[in-house]
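Asker: task: produce atomic coordinates for the following.
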Amino acid sequence: MNNQTEMKMGQTFPLTIKRLGINGEGVGYFKRKAVFVPGALPGEEITAEATKVMPKFTEARIKKLRKKSAHRVTPPCLVYDQCGGCQLQHLDYSAQLEEKKAILMQALERYTSLNIADLKINDTIGMNDPWRYRNKAQFQTGVHSGKVIAGLYSPNSNKLVDIPKCMVQHNVIDETIQMAKQLMNDLSIPVYSAKQKQGVKTIVVRTGIETGDVQIVMITGDKKFPKAVLFAEKLMKRALAVKSVIHNVNLGNTHLVFGDVTKTIAGSDTIAEKLGEFEYDLSARAFFQLNPVQTVKLYDEVKKAANVSKTDKIADAYCGSGTIGLWIGREAAEVRGMDTIAESIADARVNAKKYGVKATYETGPAEKWLPKWKQQGWVPDVLVTDPPRTGLDRKLIQTIKDVKPNTFIYVSCNPSTLAKDLAELGSVYNIECIQPVDMFPQTAHVEAVVTLKRK
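Answerer: Below you'll find the model as predicted:
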């Protein structure tokens, strides 16, 4: 492309949106180059204005919406266009479910040589009520007009958006954060100052959707939490659901929310939550799924795909506190799991004992334990993995190809890394079924349960 036809910043041009990208933005093509437009929907015709021009793609904004999608709706959230937490509130929910399946299919088309028409890809499993589903919030603190505010930073900016009500998190979380902000004002508890390296950085609130228990964690930039006991006392008096008030210390500038030092100010160290017949004690830093209603549906899909018999041996890689392995393995001959986080393994052992599941849990990566167990004559009939967004470790993919369990269930939260991993596993496994599950309505995220059978 020569300089005369090259796109310029601020240039306007007509654009038809063909699909949604993996981050929920509309994608169109201008002079054979992909153009990403936040807020645009498939089928819409717009006048776009270039905001960022790169050699292989352009980013743009909607200058004029010339033809609207029939599925466009008015977002109910007052700060939807500012906070960046949701990407799809302007798309009606039935269309969100269709687009999430399409995002998954596009990733498979891009990164694999599979014939998509030959694959069994089910419709996305959605929610009856796709609002107020989140059981946890992590809000940064700031000051505006002399008052404490709490919320999220606007994408690609230093602007903190105060969020008094969030449409995707449980009501009790909003109420608890509002009370915490009011008490910080009343008791003159300072928000974090980078200059002084002290004050409250983050307010984290988690609730047990089934139990109603609430835990609040006040994260400070130094070891001091002024008037902590008085704060906890007043909060628990106003908010009877709060059963646990925690102080966490996160020193220095880090992208991590939590620091290493955690102290209980008032109430219990943990709150309880139930998933199906299982009950879990959740400490401040314990990982737990953010949408328990959909987690039950997700785990039931894994259980259906695994179809475990009484003679089956199950391996649960990236097992965390053992949730999936225990969910599907109560009828199995044995469950073995592994995770690199020692605290998770300790929790998994307690959970297995509590529910009478014959299980062994070890600290370390799956690529260490699967070959070791194979040498000892133990090969799983069913392998389940639920890796982070980065997908499977390269060494683990090779290990799976060497160990070759009959059934392999891959739970994914990232269509791109899933597709790349499936391409590498194709020499050993056939894909029997792909089931998308909507864990995060109003966002572009989609989870998938993939059932693979050994060739």
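Asker: sheet-wise, list the partners of the host helix or strand of Val27 with their directions.
Answerer: Here Val27 sits within strand 26-30, counting by DSSP states H and E. Based on DSSP bridges, the pairing partners of strand 26-30 within the sheet are strand 12-20 (antiparallel), strand 33-37 (antiparallel).
Asker: for the shortest one, which outside residues touch it?
Answerer: When contacts are defined by CB atoms under 8 Å, 6 or more residues apart in numbering, strand 33-37 is touched by residues 7, 15, 17, 21, 25-29, 46, 48, 50, 56-62. To be clear about C-beta, it is placed using only N, CA and C from the backbone, and glycine gets the same treatment.
Asker: now for Ile409, how many residues are close by?
Answerer: Close neighbours of Ile409, defined as other CB atoms under 10 Å, add up to 25.
Asker: thought it was touching Lys304?
Answerer: No. With contact defined as CB atoms under 8 Å, Ile409 and Lys304 do not form a contacting pair (9.9 Å).
Asker: circling back: of the contacts of strand 33-37, select the buried ones using a PyMOL command.
Answerer: Of the contacts of strand 33-37, the buried ones can be selected in PyMOL as follows, counting by 16 or more other CB atoms under 10 Å:
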select buried, resi 7+15+17+21+25+26+27+28+46+48+50+58+59+60+62
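Asker: contacting residues around Asp289?
Answerer: Just to correct that, residue 289 is Gln rather than Asp. Contact criterion CB under 8 Å, 6+ apart gives 275, 295, 298, 323, 439 as the residues in contact with Gln289.
Asker: neighbour count and secondary structure added to those residues, as TSV?
Answerer: Conversion of the contacts of Gln289 to TSV gives the following (neighbours: other CB atoms under 10 Å; DSSP: H, G, I helix; E, B strand; the rest coil):
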residue	neighbour count	secondary structure
Leu275	18	strand
Thr295	21	helix
Leu298	23	helix
Thr323	23	helix
Met439	21	coil
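Asker: Met236: which of the residues you listed is nearest?
Answerer: Distances from Met236 to the contacts of Gln289, taken as CB to CB, are shortest for Leu275 (26.2 Å).
Asker: can you give me the domain boundaries for the protein?
Answerer: Per automatic domain parsing, the structural domains of the chain span 12-72, 136-282, 292-454.
Asker: out of these, which is closest to Glu109?
Answerer: domain 292-454 (8.3 Å).
Asker: tabulate the strands paired with strand 26-30 in CSV, adding columns for distance to Gly221 and mean pLDDT.
Answerer: Formatted as CSV, the strands paired with strand 26-30 follow (distance: least, CB to CB, whole Å; pLDDT from 0 to 100):
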stretch, distance to Gly221, mean pLDDT
strand 12-20, 38, 97
strand 33-37, 36, 96
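Asker: now the ones you listed in TSV, with distance to Ala286?
Answerer: Putting the strands paired with strand 26-30 into TSV (distance: least, CB to CB, whole Å) gives the following:
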stretch	distance to Ala286
strand 12-20	33
strand 33-37	36
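Asker: of the ones you listed, which is nearest Glu447?
Answerer: Distance to Glu447, taken as CB to CB, is lowest for strand 12-20 among these, at 16.5 Å.
Asker: can I get the closest one in PDB? Just the C-alpha atoms.
Answerer: Output of strand 12-20 as PDB, limited to C-alpha atoms (Å, rounded to 0.1, in the frame of the first residue of the first chain):
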ATOM      1  CA  THR A  12     -13.400   8.700   8.300                       C
ATOM      2  CA  PHE A  13     -14.600   5.900   6.000                       C
ATOM      3  CA  PRO A  14     -17.700   3.700   5.500                       C
ATOM      4  CA  LEU A  15     -17.600   0.300   7.200                       C
ATOM      5  CA  THR A  16     -19.800  -2.800   7.400                       C
ATOM      6  CA  ILE A  17     -19.300  -4.900  10.500                       C
ATOM      7  CA  LYS A  18     -18.900  -8.600   9.700                       C
ATOM      8  CA  ARG A  19     -18.400 -10.200  13.100                       C
ATOM      9  CA  LEU A  20     -17.400  -9.700  16.700                       C
END
